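Colleague: Would you be able to build a 3D model of this:
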Amino acid sequence: QPQLVESGGGLVRPGGSLTLSCTSSELTLNYYTVGWFRQAPGKEREGISCISDSEDSSTDYVDSVKGRFTISRDNAKNTVYLQMNNLKPEDTAVYYCAVGPWASLSGDEYDYWGQGTQVTVSS
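Modeller: Numbering: from 1, shown residues only. This next block holds a predicted model:
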């Protein structure tokens, strides 16, 4: 089972920023769609952003993060980033990256998942 590793989570005040990273030592991420998902306590997992493979690199976002979050990839570093600005308490969740063949915000379309990184937005 290929591994994905997320990093960059932490505690941030409302209005602050964090950048999450997703990388893999076994998968070449530019061949795949990479999605970011989050799950808050007691809530369903939510797809928040995805970027298609490097032939296209089209992006998609859930409405609640549009204008605040930006997904990007650095193929040289085999890393996909999620830049999160103007964070709100409701963004508090465990954030996961995943890879799959199709650009989608549905977790059902993804084959491999990371272990997650905690993001807490609190004053």
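Colleague: ok, now how distant is Leu27 from Val12?
Modeller: Distance of Leu27 to Val12, given as CB to CB, to the nearest Å: 29 Å. From N, CA and C alone the C-beta is placed, and that goes for glycine too.
Colleague: Likewise for Gln83?
Modeller: From Gln83 to Val12 the distance is 13 Å (CB to CB).
Colleague: Looking at these two, which has the bigger crowd around it?
Modeller: Val12 (18 against 14; other CB atoms under 10 Å).
Colleague: Pretty sure that one sits against Ser123.
Modeller: No - counting by CB atoms under 8 Å, Val12 stays clear of Ser123, with 9.9 Å between them.
Colleague: Quick check, central residue of this protein?
Modeller: Trp36 (2.6 Å; CA atoms, centre = their mean).
Colleague: beta partners for that residue?
Modeller: With DSSP bridges as the criterion, Trp36 is bridged to Ser49, Cys97.
Colleague: heads up, I number from 6, so please use that
Modeller: I'll keep to 6 as the first residue from here, and by that count the last item is Trp41.
Colleague: can you pull the contacts of it?
Modeller: 25, 27, 52-55, 76, 85, 87, 100-102 (CB atoms under 8 Å, 6 or more residues apart in numbering).
Colleague: now these in a markdown table, with neighbour count and pLDDT?
Modeller: Formatted as a markdown table, those follow (neighbours: other CB atoms under 10 Å; pLDDT from 0 to 100):
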| residue | neighbour count | pLDDT |
| --- | --- | --- |
| Leu25 | 23 | 98 |
| Cys27 | 27 | 98 |
| Gly52 | 21 | 97 |
| Ile53 | 25 | 97 |
| Ser54 | 23 | 98 |
| Cys55 | 28 | 97 |
| Ile76 | 23 | 98 |
| Val85 | 29 | 98 |
| Leu87 | 26 | 98 |
| Tyr100 | 23 | 98 |
| Tyr101 | 24 | 98 |
| Cys102 | 31 | 98 |
